[in-house]
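> Sequence below, structure please.
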Amino acid sequence: MPEHTTYAAANPPWLRAAPALFLLLWSSGFVFLKLGLRHADPLTFLALRYACVVGLLIGPCLWIRPALPVGIKPWLHLAVVGLLIQAGYFSFTYLSLKYGMSAGAVALVTSQQPILVGLLAPAIAGERVDRMRWIGLAMGVAGAILVITAKSSIDITPAALAFAVLALLAMTGGTLWEKRFGTTVHPVLSNTVQYAVGLAVTAPLAFALEPMRVEWTPELAGSLAYLVIGNSIVAISLLLAMIRHGEASRVSALFFLVPPTTTVIALLVLGEPIPPMAWPGMALAAAGLYLVMGRRG
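Numbering: from 1, shown residues only. Presented below is the predicted three-dimensional model:
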């Protein structure tokens, strides 16, 4: 029996609003990331982000003094999720951007995560993905492709594509690992451990691969503040909570709506236009998400 079943039965009331809030925060992160990368190297910016998160969480962690997991296994599970999501997914995403892939193309590759989760969840997380949910997953993929291809042409170098695929595999692995081995610890403690792992990996990579350029501007400060609080603390906590209390394939389907939602936010914040062909893609992705999130196997 999966280790998570002892605590996934009782869903807190606030969990109903978690999908919409997570989608808004996660999608906005791409826009703020684009603003921040104007003034800092990718891995350096990521390491700076993680250093801020760890610095913010250490104080509350010492103040709250949450109960510590018993034994080595829970700590290892926390570290593995941090390695896969914080170090793996974000580092590979930033490197893919550095090597020339557009943000839209990265979003297109990583939006295939629900398909991989749907394929692997029965064996790893003990979930059954029914036929209607597979139809919804396929609709989500098609909608995401329409949105991204409508916005820009996809010019992919081998290195950039490799890093994007690695980002996809890392997020998929982190999602399934959290679903299978998720540990009941206070979110402040789990986030502190996972972001410390992310910092321990990204800081040496930034030192080795980049000149570590950082231009302190109001735009960089605003981008960093949003990514630290909105994405790294609130959004990730919501994601892990939804995975623990729900089905990994249903939660992962939210990523189909990330490219369309990011497109709308970029229009409002950056003034980037939405091509006419992107609107049907958004509608198709939303319909696919409804099939996946609205049905239980």
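> hey, where'd the helices end up in this protein?
Listed in chain order, the helices of the chain (DSSP state H) span 18-36, 42-64, 72-81, 90-98, 103-110, 113-124, 131-151, 158-181, 187-209, 218-226, 236-245, 248-252, 258-270, 278-293.
> Point out the most buried one among those helices.
Greatest average neighbour count among those goes to helix 248-252 (a mean of 28), per mean count of other C-beta atoms under 10 Å. All C-beta spots, glycine's among them, are computed from the backbone N, C-alpha and C.
> okay, stretch 226-242 in PDB with CA atoms only?
The C-alpha trace of stretch 226-242 is given here as PDB (Å, rounded to 0.1, in the frame of the first residue of the first chain):
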ATOM      1  CA  TYR A 226       7.300  37.300  -6.800                       C
ATOM      2  CA  LEU A 227       9.200  34.100  -7.700                       C
ATOM      3  CA  VAL A 228      10.400  33.600  -4.100                       C
ATOM      4  CA  ILE A 229       7.000  34.200  -2.400                       C
ATOM      5  CA  GLY A 230       4.400  33.400  -5.100                       C
ATOM      6  CA  ASN A 231       6.100  30.500  -6.900                       C
ATOM      7  CA  SER A 232       8.700  29.000  -4.600                       C
ATOM      8  CA  ILE A 233       6.700  29.100  -1.400                       C
ATOM      9  CA  VAL A 234       2.900  29.300  -2.100                       C
ATOM     10  CA  ALA A 235       2.600  27.600  -5.500                       C
ATOM     11  CA  ILE A 236       5.000  24.700  -4.700                       C
ATOM     12  CA  SER A 237       3.200  24.100  -1.400                       C
ATOM     13  CA  LEU A 238      -0.100  24.000  -3.200                       C
ATOM     14  CA  LEU A 239       1.200  21.600  -5.800                       C
ATOM     15  CA  LEU A 240       2.600  19.200  -3.300                       C
ATOM     16  CA  ALA A 241      -0.600  19.400  -1.200                       C
ATOM     17  CA  MET A 242      -2.800  18.700  -4.200                       C
END
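> Could you pull up the mean pLDDT of it?
Mean per-residue pLDDT for stretch 226-242: 85.
> if we look at that stretch, which residues are touching it?
Defining contact as C-beta atoms under 8 Å, 6 or more residues apart in numbering, one finds that stretch 226-242 is touched by 15, 18-19, 21-22, 25-26, 28-29, 32-33, 36, 49-50, 52-53, 56-57, 81, 85, 178, 182, 187, 190-191, 194-195, 251.
> re the thing from before, now the weakest link among the helices of the chain, please, by mean pLDDT.
helix 248-252 (a mean of 61).
> What sits closest to A285 if chain neighbours are left out?
Leaving out its chain neighbours, the residue that sits closest to A285 by C-beta to C-beta, 6 or more residues apart in numbering is G143, at 3.0 Å.
> I figured that neighbour hits M282, correct?
Yes: at 6.6 Å, G143 and M282 qualify as touching, with contact defined as C-beta atoms under 8 Å.
> who touches both of these two?
Counting by C-beta under 8 Å, 6+ apart, the contacts common to G143 and M282 are P260.
> For F255, see how far away A20 is.
According to C-beta to C-beta, to the nearest Å, A20 stands 14 Å off from F255.
> Perfect, I'm done here.
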